[in-house]
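got a predicted model here, sequence first, then my questions.
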Amino acid sequence: MTRAEALATIKASYADLVPGQKLEYRLFRPEDAPGVGRLFYQTYGDTYPVDEPYVPELLIEANRSGSTHTIVACAADGAIAGHMAIYRSSPPNPRFYEYGQGMVDKAYRQSFAAFRIHRFAVENLFGQLDGVDGIYGEAVCHHMATQKMIHGSGFVACGLEPGLMPESAYAGEGVTGRASCLYAQRVDTITPGPLFLPGLWGQNVQALLGCWPLHREVAPGDAPVPAQARTVLESRHFAFAGVRRVTVTRIGADFAARLAEELEAGKADRAVVVQLFLCLGEAWTGHAAELLRRAGFFYCAFMPLWFGETGPGPDGIMAQRFLEPATLAGLRLATPEMNALAVQVVADMHRASREHGAPEVTILPVPE
């Protein structure tokens, strides 16, 4: 079945759920696939950028193969009233998964369904999945519900993604301006390896290293770039979000030229934000970090395990640059540690504008 065929089937059979039913919280079963597709359609329409949730055969295979671990809230009549998943997404490391895709049917949004789905994950999945070394999540910052859920569940808040999502992504939630996300992650399997500090951003990395039981050989990343080294990167444009994501697995002598090409491509695609993921496994990572700073990028996150098997070292950092002036929704953060992290990221964001001419970004005050 194609995506178009699956969506046509969902639209033809769509019906609202019967409210007030008792919900069972459990792992996905093949017969749940049409109900998951219906819930994604209710939440995203036909715009969700991945085919799997809409196409039953793809979702069933993803759960069978272990690339996705889906949790559902199932009503007494078999309808799917809630959803959350642990799944492979952006990281090059195939053993590092994302925790997300949380949604609850409109008839059950005043219930405790989201909390109970999360509790099922805490009790049955976190730290217990074969082939999963770590899990990360992105919690929105215009409310604190998802932040509070992951806090105390083994996740460490270790980054902020200012203005990641457009205002339109949260229509009906009273959001004004682009929405930001808190980046947090678990480390469930200890993998020793080198970590080269990324220049001035190395202090941000060192401040977080003790948050997980990592075994790292930490060294300055100030070696000169070998003249013959060539940059290896991949990029992807997310038109619905206005985001270009660039993953740099190797840093070469041509890094400045490749970075300039990516910025021009982002402008051509009318992206608002460029996110760049930089591997910390090469001794000259500080060279790339300094070029990023001069190009108007700012530090966002430290990401243990991000590169894993595909890069020369397992860890990474995330940096961002705005390509046009932006207004961001106010930040609501659940703990003092999250607030302190946000202060660091926002200060570096303003430095990028002040010192290197990056577009001005305004963060709106939080409504009373």
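Structure's in. What do you need?

dump the worst-scoring helix or strand of the chain on mean pLDDT to CSV, restricted to CA.
Sorted by mean pLDDT, DSSP states H and E, the helices and strands of the chain end with helix 145-150, the least confident at a mean of 90. The C-alpha coordinates for helix 145-150 follow below in CSV (Å, rounded to 0.1, in the frame of the first residue of the first chain):
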residue,chain,number,x,y,z
ALA,A,145,4.1,19.0,30.7
THR,A,146,6.6,16.9,28.6
GLN,A,147,9.5,18.4,30.5
LYS,A,148,8.0,17.2,33.8
MET,A,149,7.4,13.7,32.4
ILE,A,150,11.0,13.1,31.3
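
quick one: buried residues of it?
By neighbour count on 16 or more other Cβ atoms under 10 Å, the buried set for helix 145-150 is 146-147, 149-150. Using the backbone N, CA and C atoms, a C-beta is placed for each residue, glycine as well.

packing partners for that helix?
Using 3 or more Cβ pairs under 8 Å, 6 or more residues apart in numbering; DSSP states H and E as the contact definition, the elements that helix 145-150 packs against are helix 113-124, strand 134-140.

ok, which stretches of the stretch 1-150 of the chain are strands?
Taking DSSP state E, counting those that start in this stretch as the criterion, the stretch 1-150 of the chain carries its strands at 23-27, 68-75, 80-87, 96-104, 134-140.

adding distance to Ile60, mean neighbour count and mean pLDDT, write the ones you listed out as TSV.
Listed next are the strands of the stretch 1-150 of the chain as TSV, based on distance: least, Cβ to Cβ, whole Å; neighbours: other Cβ atoms under 10 Å; pLDDT from 0 to 100:
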stretch	distance to Ile60	mean neighbour count	mean pLDDT
strand 23-27	13	16	97
strand 68-75	10	23	98
strand 80-87	13	24	97
strand 96-104	16	23	94
strand 134-140	22	24	94
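
for Leu280, which of the ones you listed is the nearest?
With Cβ to Cβ, the closest approach to Leu280 among the strands of the stretch 1-150 of the chain belongs to strand 96-104: 14.5 Å.

returning to what we had before: so after the least confident helix or strand of the chain, what's the next helix or strand?
Once the chain leaves helix 145-150, the next helix or strand it forms, by DSSP states H and E, is strand 156-165.

re the thing from before, tabulate the helices and strands packed on helix 145-150 in CSV, adding columns for distance to Phe196.
Converted to CSV, the helices and strands packed on helix 145-150 look like this (distance: least, Cβ to Cβ, whole Å):
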stretch, distance to Phe196
helix 113-124, 34
strand 134-140, 20
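
how about the most centrally placed residue in the chain, nearest residue that isn't a chain neighbour?
Among the residues of the chain, the smallest C-alpha distance to the mean C-alpha position (Cα atoms, centre = their mean) belongs to Glu138, namely 4.8 Å. In space, not counting the residues next to it along the chain, Glu138 is nearest to Cys181; the distance is 4.1 Å by Cβ to Cβ, 6 or more residues apart in numbering.

now the one you found, what's its secondary structure?
When the structure is split into helix, strand and coil by DSSP: H, G, I helix; E, B strand; the rest coil, Cys181 lands in strand.

list the contacts of it.
Cys181 sits next to 138-141, 160-161, 164-165 when contact means Cβ atoms under 8 Å, 6 or more residues apart in numbering.

Thr362 belongs to a strand?
Yes: the assignment for Thr362 (three-state DSSP) places it in a strand.

what's opposite it in the beta bridge?
With DSSP bridges applied, Thr362 shows beta-bridge pairing to Thr327.

list the contacts for it?
With contact taken as Cβ under 8 Å, 6+ apart, Thr362 is in contact with 177, 325-328.

still on that earlier bit, now distance to His356 too, for the strands of the stretch 1-150 of the chain, in a markdown table please.
As requested, the strands of the stretch 1-150 of the chain are exported to a markdown table (distance: least, Cβ to Cβ, whole Å):
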| stretch | distance to His356 |
| --- | --- |
| strand 23-27 | 48 |
| strand 68-75 | 40 |
| strand 80-87 | 36 |
| strand 96-104 | 31 |
| strand 134-140 | 26 |
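
of all those strands, which one comes closest to Phe297?
Smallest distance to Phe297 across those (Cβ to Cβ): 19.1 Å, for strand 134-140.

widest-spaced pair of the contacts of Cys181?
Across the contacts of Cys181, the two members that end up farthest from each other (Cβ to Cβ) are Leu160 and Met165, 13.0 Å apart.

these two: who's more crowded?
Set Leu160 next to Met165 and count neighbours by other Cβ atoms under 10 Å: Leu160 wins out with 26 against 23.
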